[in-house]
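**Student:** Kindly generate the corresponding structure for this input.
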Amino acid sequence: MIDLFVQQLVNGLALGSTYALVALGLTLIFGVLLIPNFAHGEFYMLGAFLTYAMVLAGMNFWLAMALAVGAVILLGCLVDRLAFKPVEQAPPLSMMISALAASIILQQSAMLIWGGEARTIPAPVTGVLRTPFFIVTWMQLIVMASLLLAAAGVWLVLNRLRLGLAIRAVAQNRDAALLMGISMFQVRLATFAIGAALGAIAGALLGATFPIYPTMGVNPVLKAFVVLVLGGIGSLPGAVFGGLFLGVVEVMVAGYISSELSDIGAFAILVAVLLLRPQGFFGQAQVER
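**Tutor:** Numbering: from 1, shown residues only. Okay, here's the model as predicted:
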């Protein structure tokens, strides 16, 4: 007999894996470069639409996703050079305005190209896995497995590659890293490339499960900022945990209380965490001396 609680837990972990994939890229960009990239939701959206366009042209889904991720990586690096680098020394508000402008431009560009109606990507894998306690679709399993692979990949890059060590050095102390001869250009390029890739992967996978439309990135990026705070700003393990936690909470609230209150529950938890543990689950409290 299917256990309702276990089923809701599995659904929550699948939803949370999406949030965590988006939040991983956002956390990396903000944690290293201190850029509140509101356009990150559009990397998610374009990952879905570019995959859709290539699948519609007859391409295999996985090849289409790989090419879409590559295209979004290039776009992410371009957005950094055009929208963020010019205002690097400007007041923080200028960076936020530039990020919002980039988000709107990408949204409207997608609207002009594909129109405003919702579309769907044919799922590359169909069917479900049935167990005595829960049912899970193969696409949900793929999304969860993708989160594990992405998190492991980011960890390996940051801890085993020379470029990854440079990224960590800049995140810890930018001035000291520059004095040690670390190239800020390479760090920015790598950070935006990895962040954009994670967003595009999430969009492509979710586009094979849910309808896609030009403004589909707005809600995920808002949730990603919630995850960023929940897990701890700049903490990649926190982004994974926070995304899974938020997904489970939303599904539990929708299943046991009301689906209309799921978003309210997410932001209520955000307020509670800010009150009780402002640094997030995995963040470090700042101590002034």
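
**Student:** the strands in the stretch 151-289 of the chain, which residues?
**Tutor:** Applying DSSP state E, counting those that start in this stretch to the stretch 151-289 of the chain gives no strands.

**Student:** all helices of it, in order?
**Tutor:** Under the criterion DSSP state H, counting those that start in this stretch, helices of the stretch 151-289 of the chain are mapped to 162-172, 174-179, 184-207, 218-231, 236-256, 262-276.

**Student:** how about CSV for those helices, with mean neighbour count added?
**Tutor:** Heads up, the C-betas are built off the backbone N, CA and C, glycines and all. Listed next are those as CSV, based on neighbours: other C-beta atoms under 10 Å:
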stretch, mean neighbour count
helix 162-172, 17
helix 174-179, 13
helix 184-207, 25
helix 218-231, 23
helix 236-256, 22
helix 262-276, 14
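
**Student:** In the chain, which helix is the longest?
**Tutor:** helix 4-33 (DSSP state H).

**Student:** Which elements pack onto that one?
**Tutor:** helix 40-56, strand 135-137, helix 138-160, helix 162-172, helix 184-207, helix 218-231, helix 236-256 (3 or more C-beta pairs under 8 Å, 6 or more residues apart in numbering; DSSP states H and E).

**Student:** now the longest one: how far from the chain's centre is it?
**Tutor:** Between the mean C-alpha point of helix 184-207 and the mean C-alpha point of its chain there is a distance of 9 Å (C-alpha atoms, centre = their mean, to the nearest Å).

**Student:** where does the stretch 151-289 of the chain have low pLDDT?
**Tutor:** Scanning the stretch 151-289 of the chain for pLDDT under 70 picks out 284-289.

**Student:** mind redoing it with 80?
**Tutor:** Applying pLDDT under 80 to the stretch 151-289 of the chain flags residues 258-263, 265-267, 283-289.

**Student:** Give me the neighbour count for Ala123.
**Tutor:** Close neighbours of Ala123, defined as other C-beta atoms under 10 Å, add up to 16.

**Student:** chain center to the longest helix of the chain: distance?
**Tutor:** 8 Å.

**Student:** and if you look at stretch 249-260?
**Tutor:** Taking C-alpha atoms, centre = their mean, one finds stretch 249-260 lying 22 Å from the centre of the chain it belongs to.

**Student:** ditto for stretch 138-149
**Tutor:** 14 Å.

**Student:** Can you give the contact residues for it?
**Tutor:** 10-11, 13-14, 17-18, 20-21, 123, 125-129, 201, 205-206, 208-209, 240, 243 (C-beta atoms under 8 Å, 6 or more residues apart in numbering).

**Student:** Same check on stretch 31-41?
**Tutor:** 22, 25-26, 29-30, 79-80, 83-84, 95-96, 99-100, 102-103, 106, 167, 170-171, 187-188, 191, 195-196, 199, 216-222, 224-225, 233-236.

**Student:** Try it again at 6 Å.
**Tutor:** The contact list for stretch 31-41 (C-beta atoms under 6 Å, 6 or more residues apart in numbering) reads 26, 29, 79, 84, 96, 99-100, 102-103, 167, 170-171, 191, 199, 217-218, 220-221, 234.

**Student:** ok, back up a step: how about the longest helix of the chain: buried residues?
**Tutor:** Residues of helix 4-33 classed as buried: 7-33 (neighbour count, 16 or more other C-beta atoms under 10 Å).

**Student:** Same check on stretch 48-61?
**Tutor:** Quick answer for stretch 48-61 (16+ other C-beta under 10 Å): 48-55, 61.

**Student:** Between all of those residues, which two are separated the most?
**Tutor:** By the measure C-beta to C-beta, Phe49 and Phe61 form the most distant pair in the buried residues of stretch 48-61, at 13.9 Å.

**Student:** now the helices of the stretch 151-289 of the chain in CSV, with distance to Ala150?
**Tutor:** Listed next are those as CSV, based on distance: least, C-beta to C-beta, whole Å:
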stretch, distance to Ala150
helix 162-172, 14
helix 174-179, 25
helix 184-207, 6
helix 218-231, 14
helix 236-256, 9
helix 262-276, 22
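
**Student:** Of all those, which one is nearest Phe282?
**Tutor:** Checking the helices of the stretch 151-289 of the chain against Phe282 by C-beta to C-beta gives helix 236-256 as the closest, at 3.3 Å.

**Student:** could you say what helices and strands that closest one packs with?
**Tutor:** Packing partners of helix 236-256 (3 or more C-beta pairs under 6 Å, 6 or more residues apart in numbering; DSSP states H and E): helix 4-33, helix 218-231, helix 262-276.

**Student:** nearest to Glu88, of the ones you listed?
**Tutor:** Short answer: helix 4-33, nearest of those by C-beta to C-beta, at 8.9 Å.
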